[in-house]
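Asks: Pasting the sequence and the predicted coordinates here, then a few questions.
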Amino acid sequence: MKKKVQLSGIGEKLRKYKYPVLVLLLGVALMLLPKSGKTAEPEIKPQPEVPSESMEQRLEGILSQISGAGSVRVMLTTKEGQRTVYQENVDADSDAAEQSQSSRTKTSAVVVSKGSSNQEPVVQQVLPPVYQGAVVVSQGAEDPNVRLAIVQAVSNLTGLGADKITVVKMK
């Protein structure tokens, strides 16, 4: 008999608070569902390691303008290609326990919606290629002043040290 009384008391309380309990259960169920929105991971996309022909051609055009250089051919090698770095959101959560503290960070890419289902990540910066070396073949390479001017120009444009740039005479 006692059990019946206890069960009927719970039933009355459930009827009285059925909407708040229903909202609470619905909220818990929604929190347990996985997120449906895709978040693009921040990434660095390496480009092909072969430098663009346009950089070599532009260098050839500039270097051929140096007095005494004559006709010039340039070849560049790269250590790393051009990279794109995307903007990130960093969310830091910290839980304080009695004896230890732990923190978690969650990073996600910032995306911009471009229409109904088009999302593009926000570009933070585009890093230029990192050059490994350069070879310059020039008609006027036998003149030390021309050679020095070519080495300085290539060094300033590519960021390479003089020891990574070779200038040779064209046949």
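Replies: Yes, it's here.

Asks: Glu88 reaches Lys106, doesn't it?
Replies: No - in this structure, Glu88 sits apart from Lys106 without contact. The criterion is CB atoms under 8 Å, and the distance is 10.1 Å. In this view, the C-beta of every residue, glycine as well, is placed from N, C-alpha and C.

Asks: Neighbour count: these two, which is higher?
Replies: Here Glu88 and Lys106 are compared on neighbour count by other CB atoms under 10 Å; more neighbours surround Glu88, at 14 against 10.

Asks: From Ser113, how far out is the residue positioned nearest the centre of the chain?
Replies: The centroid of the chain falls nearest to Val85 when counting by CA atoms, centre = their mean (2.4 Å). In this view, Val85 and Ser113 are 21 Å apart by CB to CB, to the nearest Å.

Asks: which stretches of the protein form helices?
Replies: Remark: helices of the chain, listed N- to C-terminal, are 2-16, 18-32, 53-63, 144-158; assignment by DSSP state H.

Asks: picking up where we left off before, was I right about the residue nearest to the centre of the chain contacting Gln125?
Replies: Yes - applying CB under 8 Å as the test, Val85 and Gln125 come out as touching, 5.1 Å apart.

Asks: Spit out the residues that contact the two alike.
Replies: Shared contacts of Val85 and Gln125 (CB atoms under 8 Å, 6 or more residues apart in numbering): none.

Asks: got the phi/psi numbers for Lys114?
Replies: phi -120, psi 60 (degrees, to the nearest 10).

Asks: That one: neighbour count?
Replies: When neighbours are counted by other CB under 10 Å, Lys114 registers 9.
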